[in-house]
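Q: no sequence for this one, just the structure:
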């Protein structure tokens with residue numbers, strides 16, 4: 001079992017807050033994490049009908065019996081517990097009393113913000129970041145193997161076939177979570193929507209086009225996209241607005257949190273099919289972008305990812321915003337670099353005039369990292385240093 005990078009922060013925050021809430025997609029390792037970090041606490045899973053019935057019938061009695069608190073898994077299944085947790089936390093005035101987990105931002109966060117505002121620390125646990133895999137499982141076979149396999153812990157722990165595992169994951173997710181979240185009646189059309197989103201990863205989002213291709217209207221497409229975001233399937237990166245240009249694209253870009261799930265939705269069944277796939281560059285960009293976001297979440301930092309693009313096509317894949325300065329990042333899947341790869345960074349460099357956190361970065365598919373002119377060229381093996389306060 002790999003020790004997750006977020007665990008020290010989880011323990012630290014449990015000493016400062018009466019409640020710690022860990023959210024993230026299903027099977028990202030939340031249960032293993034909290035049980036490992038707080039092995040002395042009793043554990044209750046609200047997915048269990050028996051436990052859920054006890055909690056629903058008499059939530060006050062259920063919680064008051066837990067003198068030293070507890071781990072409560074899938075708390076969104078019995079949201080009424082949160083109000084009682086608030087009262088008990090206020091009465092006992094003890095840190096680290098309850099450790100909660102939940103798989104749906106859509107259901108969970110609304111209730112948490114209402115009942116536990118100021119009383120809970122919030123952590124987001126995504127599937128493995130690349131550095132965790134290197135530390136726990138050693139050297140990968142190839143970049144394509146990594147991308148196709150994805151980062152869900154269970155696939156590594158149980159040595160599962162990634163395509164098969166993601167097939168089960170999607171069907172279970174659609175049948176269970178989607179049906180509950182918005183009572184989507186046409187589940188097959190929602191699955192088609194997921195496939196269409198996959199084909200757009202790393203691209204600027206056009207909801208009207210997406211809706212038309214799926215046979216749904218603009219508003220429905222927006223609602224379904226919100227479901228995918230709330231379930232930690234996709235995330236969006238917004239454009240970075242500044243004073244450099246008034247002709248900036250205003251729509252966000254869409255990405256998937258996990259490239260294994262992305263590859264499944266694109267019909268990629270093994271790593272060999274990735275080599276010449278037309279979306280390989282977008283899949284690699286998705287991997288790097290999602291990993292930088294994982295690094296930030298594992299350090300208990302908010303999303304500071306943006307992108308730059310004007311209406312004549314000048315673009316930088318990522319702009320990491322640190323308030324006073326920024327860090328432009330271009331992502332290329334090629335294993336050898338060329339001057340053409342710096343086109344977007346060079347254009348942005350003229351606009352920004354050196355107002356950077358560090359040297360602008362090119363992350364590429366090669367193995368060596370080095371300085372080149374005014375830029376830093378980074379192997380995807382090394383880009384874990386891009387989190388929080390990069391030291392490149």
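A: Nice, thanks for sending it over. Since the structure is predicted, the reported quantities are computational estimates derived from the model, not experimental observations.
Q: rest of the way, CA atoms for contacts and neighbours
A: OK.
Q: residues in contact with residue 35?
A: When contacts are counted by C-alpha atoms under 8 Å, 6 or more residues apart in numbering, residue 35 touches 41, 43, 71.
Q: How about residue 4?
A: Here residue 4 is in contact with 33, 132 (criterion: C-alpha under 8 Å, 6+ apart).
Q: Which strands or helices does the helix or strand hosting residue 363 pack on?
A: Assigned by DSSP states H and E, residue 363 belongs to strand 361-364. Strand 361-364 sits against strand 326-332, strand 375-379, with contacts defined as 3 or more C-alpha pairs under 8 Å, 6 or more residues apart in numbering; DSSP states H and E.
Q: Out of those, which gets nearest to residue 302?
A: Of all these, strand 326-332 sits nearest to residue 302, with 15.0 Å by C-alpha to C-alpha.
Q: which residues sit against that closest one?
A: 281, 284-285, 288, 316-321, 341-342, 344-345, 355-365.
Q: Could you rerun that using 6 Å?
A: For strand 326-332, the external contacting residues (C-alpha atoms under 6 Å, 6 or more residues apart in numbering) are 285, 316-320, 356-357, 360-364.
Q: Stretch 315-325 now?
A: 304-309, 326-330, 344, 355-357.
Q: Need the residue closest to the centroid of the protein.
A: Among the residues of the chain, the one closest to the centroid is residue 257, at 4.6 Å (C-alpha atoms, centre = their mean).
Q: shouldn't that residue be in contact with residue 290?
A: Yes: the pair residue 257 / residue 290 is scored as a contact, 5.4 Å apart, by C-alpha atoms under 6 Å.
Q: one step back: report pLDDT for the residue nearest to the centre of the chain.
A: Per-residue pLDDT puts residue 257 at 98.
Q: gap between the helix or strand hosting residue 308 and the chain center?
A: According to DSSP H and E, residue 308 maps onto strand 305-309. Distance of strand 305-309 from the chain centroid (C-alpha atoms, centre = their mean, to the nearest Å) equals 17 Å.
Q: Ok, stretch 37-57 next?
A: Stretch 37-57 sits 26 Å away from the centroid of its parent chain (C-alpha atoms, centre = their mean).
Q: Quick one: end-to-end distance for that stretch.
A: Stretch 37-57 has an end-to-end distance of 30 Å (C-alpha to C-alpha, to the nearest Å).
Q: What residues sit buried inside it?
A: 38, 41, 43-46, 52, 55-56 (16 or more other C-alpha atoms under 10 Å).
Q: In strands, which of these fall?
A: Secondary structure from DSSP state E places 43-45 of those in strands.
Q: Can you pull the poorly scored residue ranges out of this structure?
A: Scanning the chain with the threshold set as pLDDT under 70 gives 105-107, 182-184, 243-247, 354-357, 385-392.
Q: coming back round to it: of the buried residues of stretch 37-57, closest to residue 88?
A: Using C-alpha to C-alpha, residue 55 comes nearest to residue 88 of the buried residues of stretch 37-57, at 14.9 Å.
Q: Can you name the residues that contact that closest one?
A: residue 62.
Q: Also residue 115?
A: Applying C-alpha under 6 Å, 6+ apart, we find residue 115 in contact with 82-83.
Q: Tell me the bridge partners for residue 43.
A: As for beta bridges, residue 43 partners with residue 71 under DSSP bridges.
Q: Please tell me how far it sits from residue 36.
A: Plainly put, residue 43 is 11 Å away from residue 36 if you go by C-alpha to C-alpha.
Q: What segments of the stretch 201-350 of the chain are helices?
A: 207-214, 218-230, 259-265, 280-298, 343-352 (DSSP state H, counting those that start in this stretch).
Q: got the buried residues for stretch 373-385?
A: Here stretch 373-385 shows 375-381, 383-384 as buried, counting by 16+ other C-alpha under 10 Å.
Q: That should have said stretch 337-346, apologies.
A: For stretch 337-346, the neighbour count (16+ other C-alpha under 10 Å) marks 337, 341-342, 344-346 as buried.
Q: export these to CSV and tack on distance to residue 12?
A: Formatted as CSV, the buried residues of stretch 337-346 follow (distance: C-alpha to C-alpha, whole Å):
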residue, distance to residue 12
337, 42
341, 42
342, 41
344, 41
345, 39
346, 42
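Q: of these, closest to residue 118?
A: Taking those together and measuring to residue 118 by C-alpha to C-alpha, the closest member is residue 345, at 41.1 Å.
Q: Leaving out chain neighbours, which residue sits closest to that closest one?
A: Spatial nearest neighbour of residue 345, chain neighbours left out: residue 316 (6.2 Å); criterion: C-alpha to C-alpha, 6 or more residues apart in numbering.
Q: ok, back up a step: pipe the ones in strands among the buried residues of stretch 37-57 into a markdown table and attach distance to residue 131 per row.
A: What follows is these, written out as a markdown table (distance: C-alpha to C-alpha, whole Å):
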| residue | distance to residue 131 |
| --- | --- |
| 43 | 29 |
| 44 | 31 |
| 45 | 30 |
